[in-house]
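Colleague: pasting the structure only:
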């Protein structure tokens, strides 16, 4: 069967960036920036993105483009005879499944909040009433299931149409909508009275404030955020490498994906910080920021119903672009490994994800007394396995596969990465890739487990 290809380079870049741009950018990035003193954190984040994110991203894309296959068969096509690198491919499939077992629920929250704002559910509410809407939604298993099911069905419907007619076509429009919305929302936030104080906090490096948070803590938090923002290590990006052309070097494409990803993260901060400062709200309030703090801000704002609806539409696009990108990975693995048609793969995967997502949905209501890893609830336990184990370990495996003689090897990786026009990956980085980068990833792994 002939391998599908992206229709255009723009399609590849928007789909890949759409996979990377998710809840981590627009939810986690602003509050982690707030907790870690603002501008200094952003500087370290950009540094680590360049020295860790870009190299590992090129490696994942290289395995995909050289093999023209999904995770398991990609390794099999490139590994030395008799070696077992391909076993990691199955861990990648498991990681994508596990990620979707909770990500579909969170994406459903965004969709639910969009409809609540658009439908006027927040109109005229007191601050206390606004605070109560999120716990009420979590406590309602029927509502939670409904939003999750809509997300899963819509996602598999998109990927069932194929790469060009489904994923690429829908993601293009969704990403263009997302980028337009983010600019409109940021401009609106910047002109709020007192909003510029928020911008100063966010973007002007203040080493005094960073020292208060602990400079070591700020650096490791930036390293974590830069590493996790690209969803590396579970073949979520490898699959798009298998569909891309060889016209451009992988370093060029990786830099462009990182720039788009970072643009959205930085702009999310420009929406949130000025709004928080304008209404006297603490921006470093962690996960509650999106669902409890910001709705209070919108309710007190002129035209709050419109701005709230637009913000959660933007959040829905950001999370749904990741959902359909990872669903495409599950599709490709089923098609490559089991020889299924695209429609059959969509149907079987859809049923599996619907069932597998239910523990997370019920973990906030009927199963709220269930605590798994280290006393965490269902969602946090699933996220712990993906974020703290599978992503760093998987990235380490891709890295070692691309730089070691027992794997694919540095020369072959470099040849693939540098095929096409654009930025070349320098040969002299070999010692850094072999000895320094693995240590940095191990630091992230150990930190995550501690």
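Modeller: Looks like it came in fine. For clarity, every value in this text was computed on a predicted model and none was experimentally measured.

Colleague: what sits against the residue nearest to residue 3 when sequence neighbours are not counted?
Modeller: Nearest residue to residue 3 in three dimensions, chain neighbours excluded: residue 68, at 4.9 Å (CB to CB, 6 or more residues apart in numbering). In this view, the C-beta of every residue, glycine as well, is placed from N, C-alpha and C. For residue 68, the contact set (CB atoms under 8 Å, 6 or more residues apart in numbering) comprises 3, 77, 242.

Colleague: next up, phi/psi of residue 68, please.
Modeller: Residue 68 adopts backbone torsions of phi 60, psi 30, taken as degrees, to the nearest 10.

Colleague: show me where the chain dips below the pLDDT cut-off.
Modeller: Low-confidence regions of the chain, defined by pLDDT under 70, span residues 1, 283-287.

Colleague: just give me the longest helix of it.
Modeller: Secondary structure of the chain per DSSP state H: the longest helix is helix 304-338.

Colleague: compute the first-to-last residue distance for stretch 159-167.
Modeller: One end of stretch 159-167 sits 6 Å from the other (CA to CA, to the nearest Å).

Colleague: check the offset of that stretch from the chain's centre.
Modeller: Centroid displacement of stretch 159-167 relative to its chain, using CA atoms, centre = their mean, to the nearest Å, is 20 Å.

Colleague: circling back to that earlier point, keep only those of the contacts of residue 68 that are in helices.
Modeller: Of those, the ones assigned to helices by DSSP H are residue 77.

Colleague: so which of the contacts of residue 68 wins on neighbours?
Modeller: Neighbour counts for the contacts of residue 68 peak at residue 242, which has 24 neighbours (criterion: other CB atoms under 10 Å).

Colleague: name the SS class of the closest residue to that residue other than its chain neighbours, please.
Modeller: Closest residue in space to residue 242, ignoring its immediate chain neighbours: residue 64 at 3.9 Å, by CB to CB, 6+ apart. Three-state call for residue 64 (DSSP: H, G, I helix; E, B strand; the rest coil): helix.

Colleague: list the contacts of residue 64.
Modeller: So residue 64 contacts 70, 74, 235, 237, 238, 239, 240, 241, 242, 243, 244 (CB under 8 Å, 6+ apart).

Colleague: kindly recompute the last result at 7 Å.
Modeller: By CB atoms under 7 Å, 6 or more residues apart in numbering, residue 64 lies in contact with 74, 238, 239, 240, 241, 242.

Colleague: what of residue 335?
Modeller: Counting by CB under 7 Å, 6+ apart, the residues that residue 335 touches are 342, 345.

Colleague: likewise residue 236?
Modeller: By CB under 7 Å, 6+ apart, the neighbours of residue 236 are 19, 96, 325, 326, 329.

Colleague: could you do residue 226 as well?
Modeller: Contact analysis of residue 226 by CB under 7 Å, 6+ apart lists 45, 48, 49, 52, 53.

Colleague: picking up where we left off before, residues of the longest helix of the chain that come out buried?
Modeller: For helix 304-338, burial by neighbour count (16 or more other CB atoms under 10 Å) applies to 304-305, 307-337.

Colleague: between the contacts of residue 64, which is closest to residue 177?
Modeller: Of all the contacts of residue 64, residue 240 has the smallest distance to residue 177: 20.4 Å, by CB to CB.

Colleague: and that closest one, what does it touch?
Modeller: 12, 15, 16, 64.

Colleague: go on, residue 150?
Modeller: Residue 150 touches 108, 111, counting by CB under 7 Å, 6+ apart.

Colleague: in the strand or helix carrying residue 446, what counts as buried?
Modeller: Assigned by DSSP states H and E, residue 446 belongs to helix 437-449. By neighbour count on 16+ other CB under 10 Å, the buried set for helix 437-449 is 437, 438, 440, 441, 444, 445, 448.

Colleague: related to what we said a few turns ago, which one of the contacts of residue 68 sits closest to residue 139?
Modeller: Closest approach to residue 139 among these (CB to CB): residue 242, at 42.5 Å.

Colleague: now the closest one: how far from residue 386?
Modeller: Separation of residue 242 from residue 386 (CB to CB, to the nearest Å) stands at 22 Å.

Colleague: repeat that for residue 243.
Modeller: 23 Å.

Colleague: thinking again about what came up before, looking at the contacts of residue 236, spot the one nearest residue 371.
Modeller: Closest approach to residue 371 among the contacts of residue 236 (CB to CB): residue 96, at 25.1 Å.

Colleague: wouldn't the closest one be in contact with residue 331 here?
Modeller: No - using CB atoms under 7 Å as the test, residue 96 is too far from residue 331 to be in contact (10.4 Å).

Colleague: and stretch 345-365, how far out from the chain middle?
Modeller: For stretch 345-365, the distance to the chain centre is 19 Å (CA atoms, centre = their mean).

Colleague: actually stretch 28-47, not the one I wrote
Modeller: For stretch 28-47 - counting by CA atoms, centre = their mean - the centre lies 17 Å from the chain centre.

Colleague: show me what counts as buried in that stretch.
Modeller: 28-42, 44-45.

Colleague: also stretch 375-390?
Modeller: Those would be 377-390, for stretch 375-390 by 16+ other CB under 10 Å.

Colleague: returning to what we had before: make CSV from the contacts of residue 226 and add distance to residue 425 to it.
Modeller: Output for the contacts of residue 226, formatted as CSV (distance: CB to CB, whole Å):
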residue, distance to residue 425
45, 22
48, 18
49, 16
52, 14
53, 14
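
Colleague: ok, and the closest non-adjacent residue to residue 7?
Modeller: Closest to residue 7 by CB to CB, 6+ apart is residue 164, at 4.8 Å.

Colleague: gap between the one you found and residue 8?
Modeller: Counting by CB to CB - residue 164 and residue 8 are separated by 9 Å.

Colleague: over to residue 398?
Modeller: For residue 398 relative to residue 8 (CB to CB), the value is 26 Å.

Colleague: now residue 248: phi and psi?
Modeller: In this entry, residue 248 is assigned phi and psi values of phi -130, psi 150 (degrees, to the nearest 10).

Colleague: thought it was touching residue 419?
Modeller: No - the criterion here is CB under 7 Å, and residue 248 misses it with residue 419 at 8.8 Å.

Colleague: before we move on, back to that, mind giving me CSV with the buried residues of stretch 375-390 and columns for secondary structure?
Modeller: Formatted as CSV, the buried residues of stretch 375-390 follow (three-state DSSP):
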residue, secondary structure
377, coil
378, helix
379, helix
380, helix
381, helix
382, helix
383, helix
384, helix
385, helix
386, helix
387, helix
388, helix
389, helix
390, helix
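
Colleague: what is the nearest of those residues to residue 205?
Modeller: Nearest to residue 205 among these: residue 387, at 27.2 Å, using CB to CB.

Colleague: tell me how far the residue nearest to that closest one when sequence neighbours are not counted lies from residue 388.
Modeller: Counting by CB to CB, 6+ apart, residue 387 lies nearest to residue 228, which is 6.1 Å off, once chain neighbours are set aside. Noted for residue 228: a distance of 10 Å to residue 388, by CB to CB.

Colleague: swap in residue 265?
Modeller: From residue 265 to residue 388 the distance is 21 Å (CB to CB).
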